[in-house]
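> coordinates only, sequence not included:
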């Protein structure tokens, strides 16, 4: 996948996992902006405008936006390296607020189910996260994200 397309996908991934539990924590936003400012995979990519557009779209469409993202991910031709970077971005976003929510785990498992990289390789890359990288609840077997997303406040 080309760089700018991949950067857009990473940003959409981070925002989707942040929003899928209906709670947008300042720490999650800060971590996404930190990655955009400091990680090579976001180099030269201005996230400000797409960040607001993607977040607003998810707030309006809820689980349908998440399922559109998952369908889009299904169509992507990612290298193993890109798939692992995607998982890294998701993990960093999930862990940034020090609360790991069920919806975030469901989302992570659904994303993993769309990737070609094996669970063994993912766990070897991220051994500290093994407890939620292994799909104990078979979330990855589901075709779509089914939980309604309710936003408590407008941030």
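Structure's in. What do you need? These figures come from a predicted structure and were not determined experimentally.
> Do a quick rundown of the helices in this structure.
3-19, 26-38, 48-61, 63-75, 80-95, 102-114, 119-125, 130-133 (DSSP state H).
> pLDDT below threshold where in this protein?
152-155 (pLDDT under 70).
> Dump the helices of the chain to TSV, plus mean neighbour count.
Using the backbone N, CA and C atoms, a C-beta is placed for each residue, glycine as well. Output for those, formatted as TSV (neighbours: other CB atoms under 10 Å):
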stretch	mean neighbour count
helix 3-19	21
helix 26-38	16
helix 48-61	15
helix 63-75	17
helix 80-95	19
helix 102-114	21
helix 119-125	14
helix 130-133	14
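> With distance to residue 150 as added columns, please give those in a markdown table.
Output for these, formatted as a markdown table (distance: least, CB to CB, whole Å):
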| stretch | distance to residue 150 |
| --- | --- |
| helix 3-19 | 11 |
| helix 26-38 | 17 |
| helix 48-61 | 10 |
| helix 63-75 | 10 |
| helix 80-95 | 19 |
| helix 102-114 | 11 |
| helix 119-125 | 30 |
| helix 130-133 | 22 |
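> Between those helices, which one is closest to residue 145.
Minimum separation from residue 145 across these (CB to CB) falls at helix 63-75, 4.3 Å.
> Might you calculate how far that closest one sits from the centre of the chain?
In this view, helix 63-75 has its centroid 11 Å away from the chain centroid, taken as CA atoms, centre = their mean, to the nearest Å.
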